[in-house]
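**Student:** pasting the structure only:
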């Protein structure tokens, strides 16, 4: 009897730490076919959604990041223009340098789990002015 290849199974485990205005994901990892891998997490692309209210309307901006790449200068500029949020860093460690109003950061929830902390609930971080 021939067995079919098992489907590729990927789950991201986000260990998100917030230290003041710095977001640290350096302890995050992926589980691929039941094996833990930091390298696979670093190679993965995940979505981060910034949300704020501007003129009484919710505005969102999505960034697609990987743990081992710097955030693109154009994306940094687009986020600044769209929501007034200035960031610097890479997909595993970035800092919020400036922001105009309260906002949230929601990390990718698809195939993802989050280790909860006082600062992070289900991949959501809140910044208040």
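**Tutor:** Thanks, I have it. Note that the structure is a prediction, hence the values are computed from the model and not measured.

**Student:** what residue ranges in this structure score low on pLDDT?
**Tutor:** 1-10 (pLDDT under 70).

**Student:** Give me the longest helix you can find in it.
**Tutor:** In the chain, taking DSSP state H as the definition, the longest helix is helix 73-83.

**Student:** which residues does residue 124 bridge with?
**Tutor:** For residue 124, the beta-bridge partners are residue 106, residue 121 (DSSP bridges).

**Student:** Number the residues from 50 up from this point.
**Tutor:** That works, and once the first residue is 50, the last one we named lands at residue 173.

**Student:** which residues touch it?
**Tutor:** Residues near residue 173 by CB atoms under 8 Å, 6 or more residues apart in numbering: 153, 154, 155, 156. The way it works is simple: take the backbone N, C-alpha and C, and place the C-beta from them, glycine included.

**Student:** Flag every buried residue along the longest helix of the chain.
**Tutor:** 124, 125, 128, 129, 132 (16 or more other CB atoms under 10 Å).

**Student:** how much space between the third one and residue 83?
**Tutor:** Computed with CB to CB, to the nearest Å, the distance linking residue 128 and residue 83 is 36 Å.

**Student:** Neighbouring strands - and their directions - for the helix or strand just after the longest helix of the chain?
**Tutor:** Downstream of helix 122-132, the next assigned helix or strand under DSSP states H and E is strand 135-138. With DSSP bridges as the test, strand 135-138 is paired with strand 142-147 (antiparallel).
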